[in-house]
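Undergrad: When you get a sec, could you give me coordinates for this:
(2 chains)
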Amino acid sequence: MLATVALLLIVNAPAQAQTRAETLRYVTGASVNTLDPNIPGSTRESFALSMSTYDRLVAFGRKQLNGKWVFDLDKITGELAESYDVSPDGLKLTFHLRKDAKFQDGSPVTAEDVKWSLDRCVTAPILGKAQLLTGSLTSADQFKVIDPLTIEVTLPKPDKLALPNLATVYPMIINSKLAKQHATADDPWATAWLKENTAGSGAYVIETFKPGEQAIIKRNEAWNRGSPDKPAFFKRVIIQSVPEPATRANLVERGDADLVVDLQASDVQSLEAKGKLKVISTPQYNSITFVSMNNQIPPFDNPNVRRAIAFALPYDDMFKAALFGRGAPLFGASWPDGKPLNGIYPFQQPVKLDLDKAREYLKAAGLPEGFSTTFSFNVGQASTAEPMAALVKESLGKIGIKVDIQKLPDAQMSTQINEKKLPFFTEGIVAWLPSTDYFYRNFYTGNQRWNYSSINNPDLAAIAQEARFEPDKAKYEEDGRKLNAMHADLMPQIMLWQPNQDAVMAPSVEGYTYEFHRQVDYRDVSRK
Amino acid sequence: MMTGLGATMMRAGRRLLSSLPALFGVLVFTFLLMRVLPGDPAVFFASGPNAGKEEIEQIRKQMGLDQSVPEQLVFYLSDIGQGNLGRSMMTGQPVLKDLRERLPASLELTFTALLMALIAAVPLGVVAALRPGSLVDHGVRLFCALGVCVPTFVSGLLLIYVFYYLLGLAPDPTGRIDVFTSLPPSRTGFLSIDFLLAGDFEGWWAAFKQLILPAVSMALFVIAPLARITRASMLVSLGSDFVRTARSVGLSWRKVVVTYALRNAILPVITIAGIVFSTMLGANVLVEKVFSWPGVASYALDALLSSDYAPVQGFVLLMASLFVLVNLVVDICYGIADPRVSIG
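TA: Numbering: from 1, shown residues only, chains lettered A, B, ... in the order given. Predicted coordinates for the structure are as follows:
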């Protein structure tokens, strides 16, 4: 017995050294907290993990943006579906499943499993419900099994976002036979079991999962959804939580970690300058950092006050101090005829630091002497928001606006935003499916948390709603221009920039792609 | 001797019982404090890109926050009575399981650090006390001052920079064990003990290497109070009548200093060590963060920032219980160091 163990140890030792090249060690400040991304409270790392452990019907393609690979919202390819048809009226989506697709326990993927999974997503009290709603997918009646390999999705309206929604994190395809064995009367959709177990067909199988510490996944050799006849590249992926950003930077610089996407901007800059590692910086083109003003709280209910603020922010200094200039600025544009350049949101706003103009606007608002207010940000964003807040305070002081800086714990900040109690603050948003109407509908309408500026403008809401189902591209563009013009005029909140996603990796790592969930898709990467 | 031991145990048991009301008070107090703090955990955790009112309500229900505070308290107390500390939203696991997995990590680190600190501090204190005002005394004072001045995360980051980043001597500072090493069967949860029990010395060495840097950065911080109290107490002891008598009858230097002076001087050191231990366990959060150590303190801090009630309450309860236990152990150690002291 002992001899066997000893022998195993000897045999194992060199094998382990070899597999290092076939192992991806990814370090992150966050952690995976559930194996089912649908569970309320699940983290972004959990989203990323589920992309590798589960398949969806379809997936986003990728495209090059300024020489970097990013996900492509307009190119939807099959994942578990071999192909799909959209009916001419846009109301029926038919998916033909792959014949060779198997779950990780070896059973075939059938249309029944797909139906159960999609039903679960729109019926169970889970996160998928609110997401699929944005693609007009709301009821189990919309999913129909035609034959064991064909499933049909019916839409009430030709919704452009229905198909992309099926490629997002939540509508993953679950092995329904396995999951049903663990369902209970109280929990018919097996949410409790799926939180701790996976029942998917994805590229990777969970090897160990320690919430808050690490997850290790190993390759599913039978998976071939990425490139034909080939499984994912890495045999093992280690996803490890390292809370201290400086330590993460050391690890990747020393070559002990292969890939990290959440370093501090200052560390990224110094690593890039040293030139030993590969740094891929992609502006997060589906996310925006704002300075928001609550349009319902005086004095910010006056558009002139908001315009005054927009011309009193020291944009360039803020951009440098907060992000070391690592991102895409959304300020400083010039609109020759005063009209938006196009109908795409987010857009570069025609604002820059101009204190005289700001003073004029303040005068027009009847507040030539200025006023006092608070500027809030959350502790979690302190590294970027703190230097920014100091600059805002200094600059607004020059036009008589006295600012108190308020640093709030994350939970407290989200509560106050939800209750619409903060007058003036900085926050960010992200949209998985970044289209102009989606942004305006979700972030500029309704009395809900994501409408940071609490703007309540019926015209804006109506145009955004109309654009949602507009099939004509030219008309959609026209709607977008109208919305952007309103945004620039009303200035409900000020778009600052789109921060970079700085992926720092060993020179041998290839294929990194910026994904909609802003994490690494482990199936994308390989080693040279 | 047996009856002496039995009596001590009896008294220890009574002591433990009498601490129950205090624990109960801590329980209720933390429970109320968490609910008074601004910040709604449901809103925080419902932060998926599309989470709206419905999700918030659902999480609130899941966390039991839709009930009134007194009702919640009753449920909470009855859960505690059944040994259920609730579930963490952050890790998605039962709090008891999280704490059980993480406490050994924190204890292992704290014990090692305390041991290192004692081994360094007591001789330093003694040496300083033997030659008060000398160069050695000033040297010790300077060392202690430096140790206290540098916050643990700074010394931690410095140690990482030198020993891992520059010299490459230390393993990567990511937790208790190198990710490529396989773990021993968990018996005690203390990796250094589990590896020994499994007879895996290579693994033991790997785990021990991971432990050195975090333990040193913690030890540096607590050497000062221990060394200072040793010095002060030794000075008193060295100046007392019995030491003068011992010297005058010509006992060896070793016997005078170690047996008579130090044994008499050690009581306050034990007291301080007990206090230091309890503080270290809760306050080593920075070290745990810097070294990605999966301990209870960093767990509680993360929970607090996200208003995750159950883990914070569980952590405070755990700390209070440990404090009671440590005090008891300190009292028992008194009895060993000085038979005249008895606990009651």
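Undergrad: from here on, contacts and neighbour counts on C-alpha atoms
TA: OK.
Undergrad: Residues of the stretch 51-200 of chain B that sit close to chain A?
TA: Contact residues, the stretch 51-200 of chain B versus chain A (C-alpha under 8 Å from any C-alpha of the partner chain): B:51-53, B:55, B:58-59, B:89-93, B:165, B:172-174.
Undergrad: which non-adjacent residue is nearest the residue of the stretch 51-200 of chain B found nearest chain A?
TA: Going by C-alpha to the nearest C-alpha, chain A is nearest to B:Thr91 of the stretch 51-200 of chain B, at 4.6 Å. Nearest non-adjacent residue to B:Thr91, counting by C-alpha to C-alpha, 6 or more residues apart in numbering or on different chains: A:Asn33, 4.6 Å away.
Undergrad: Show the contacting residues for the one you found.
TA: A:42-43, A:46, A:211-212, B:90-92 (C-alpha atoms under 8 Å, 6 or more residues apart in numbering or on different chains).
Undergrad: In helices, which of the residues you listed appear?
TA: With DSSP state H as the criterion, helices contain A:Ser46 from among the contacts of A:Asn33.
Undergrad: Scan the contacts of A:Asn33 and report the most crowded one.
TA: Using other C-alpha atoms under 10 Å in any protein chain shown as the neighbour criterion, A:Ser42 leads these with 26 neighbours.
Undergrad: Touching, that one and A:Thr34? I think so.
TA: Yes: contact criterion C-alpha atoms under 8 Å: A:Ser42 and A:Thr34 qualify, at 6.2 Å.
Undergrad: and the spatially most central residue of chain B, what helix or strand is that in?
TA: Compute the mean C-alpha point of chain B, and by C-alpha atoms, centre = their mean the closest residue is B:Leu281, 2.1 Å away. Per DSSP states H and E: B:Leu281 is located in helix B:263-283.
Undergrad: Show the average pLDDT along that helix.
TA: The average pLDDT for helix B:263-283 rounds to 84.
Undergrad: do the same with stretch A:436-456
TA: Averaged over stretch A:436-456, pLDDT sits at 90.
Undergrad: any idea how far A:Gly338 is from chain B?
TA: Distance of A:Gly338 to chain B, computed by C-alpha to the nearest C-alpha, to the nearest Å: 33 Å.
Undergrad: whoops, A:Val205 was the one
TA: As judged by C-alpha to the nearest C-alpha, A:Val205 and chain B stand 18 Å apart.
Undergrad: if I've got this straight, that residue is in a strand?
TA: Yes: counting by DSSP: H, G, I helix; E, B strand; the rest coil, A:Val205 is located in a strand.
Undergrad: Just to check, it is in contact with A:Ile217?
TA: Yes: using C-alpha under 8 Å, A:Val205 is in contact with A:Ile217, at 5.4 Å.
Undergrad: More neighbours: these two, which one.
TA: A:Ile217 (24 against 21).
Undergrad: what about the closest residue to that one other than its chain neighbours, neighbour count?
TA: Setting aside the residues directly before and after it, A:Ile217 is nearest to A:Ile206 in space (C-alpha to C-alpha, 6+ apart), at 4.5 Å. Residues near A:Ile206, counting by other C-alpha under 10 Å, number 19.
Undergrad: cool, B:Val127 as well?
TA: By other C-alpha under 10 Å, 18 other residues sit near B:Val127.
Undergrad: for the one 3 residues further on, same thing?
TA: With neighbours defined by other C-alpha under 10 Å, the count for B:Leu130 comes to 17.
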